[in-house]
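Engineer: A structural model of the following input is requested.
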Amino acid sequence: MREKVVLITGATGGLGRAVVQTMAREGYRLALTAPEKESLHEIVQTYSLSEERVLIRAADLTRADQVDGLIEAIEACWEGVDILLNTVGAWSGGARLGDVEEEHWQRTLQINLHSAFLVNRAVIPHMVDQGWGRIVNVASKAAEDPRPRQAAYNVAKAGVVALTASMAADYRRQGIVANAILPSIIDTPHTRANMPDADHSRWVSPEEIAQLMLFLCRQDGSINGAGIPIYGQV
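Structural biologist: Below is the predicted model:
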């Protein structure tokens, strides 16, 4: 497993950082992507990542050409992506469905669902060729328990769950295992800043989510196509 190449999207986010730290500790080769290259360099320095075992590439994963460029860069360095840990996403809400602007709807689905489609699609050929692959997409509790005033987000995250289950059904006979995890509120600095009066002890930690992702990478495939809740006490 140590020689597997792990692509971590959203690597500089509150969850992404915990995933990077966990996978680096396990000794995997890491391909890290986020929109800003400077923040990726900072991650490498913060966690003292070995230059021989890490590749960084800034990319907007809502754009097919940039996703293709990311995969090409990984293939030029290594053979391809063995494990995808897709943490990209952003909450948005504030209005009931009748008041949602079309631009807001489209942007929310672009960030949360279309990006997942593009990056998941891009890693599949290498996994099929070698007959092995692991994919973990981050959805949300909102996929199964839709909250008010966030219809676009609810729909996007439900789409991530359906996308993941579809891949599991399509490729289960070719050694590809795909699962989605459904966190509730994640205890990150950004979330704490937005909700300073909340009971943070009830939220799920990024480290707990990272450990679940690690388990799903290692398991033999008996868990496949699942939407796995990790709610903390919310």
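
Engineer: Find the residue closest to residue 174 in space, skipping its chain neighbours.
Structural biologist: residue 128 (5.2 Å; Cβ to Cβ, 6 or more residues apart in numbering). Every C-beta, even on glycine, is put in place using the N, C-alpha and C of the backbone.

Engineer: Correct me if wrong, but the one you found is in a helix.
Structural biologist: Yes. Counting by DSSP: H, G, I helix; E, B strand; the rest coil, residue 128 falls inside a helix.

Engineer: How many residues are close by it?
Structural biologist: 15 (other Cβ atoms under 10 Å).

Engineer: low pLDDT regions in this structure?
Structural biologist: Residues of the chain that meet the criterion pLDDT under 70 lie in 234.

Engineer: and the longest strand for it?
Structural biologist: strand 176-183 (DSSP state E).

Engineer: got a list of contacts for the following helix or strand past that strand?
Structural biologist: Later in the chain than strand 176-183, the nearest helix or strand by DSSP states H and E is helix 189-194. Helix 189-194 is contacted by residues 14, 185, 198, 200, 203 when judged by Cβ atoms under 8 Å, 6 or more residues apart in numbering.

Engineer: neighbours of residue 130, just the number please.
Structural biologist: Neighbours of residue 130 (other Cβ under 10 Å): 14.

Engineer: so what's it up against?
Structural biologist: Residue 130 neighbours (Cβ under 8 Å, 6+ apart): 79-80, 82, 175.

Engineer: top of these by neighbour count?
Structural biologist: Counting neighbours by other Cβ under 10 Å, the top entry in those is residue 82, with 22 neighbours.

Engineer: tell me the helices in this protein, going along the chain?
Structural biologist: With helices called from DSSP state H, the chain shows them at 14-25, 37-46, 64-77, 102-109, 115-130, 151-171, 189-194, 206-218.

Engineer: Of these, which is nearest residue 224?
Structural biologist: When these are compared by Cβ to Cβ, helix 151-171 sits nearest residue 224, at 4.8 Å.

Engineer: Check which residues of the closest one are buried.
Structural biologist: Judged by neighbour count using 16 or more other Cβ atoms under 10 Å, the buried positions of helix 151-171 are 151-161, 163-165, 167-168, 171.

Engineer: And for stretch 119-136?
Structural biologist: 119-120, 122-124, 126-127, 132-136.

Engineer: Nearest spatial neighbour of residue 90, chain-adjacent residues omitted?
Structural biologist: Nearest non-adjacent residue to residue 90 (Cβ to Cβ, 6+ apart): residue 111, at 5.0 Å.

Engineer: State the number of residues packed around the closest residue to residue 202 other than its chain neighbours.
Structural biologist: Ranked by Cβ to Cβ, 6+ apart and with sequence neighbours excluded, the top spatial neighbour of residue 202 is residue 233, at 4.0 Å. Burial of residue 233, expressed as a neighbour count using other Cβ under 10 Å, amounts to 9.

Engineer: Fine, thanks again, bye for now.
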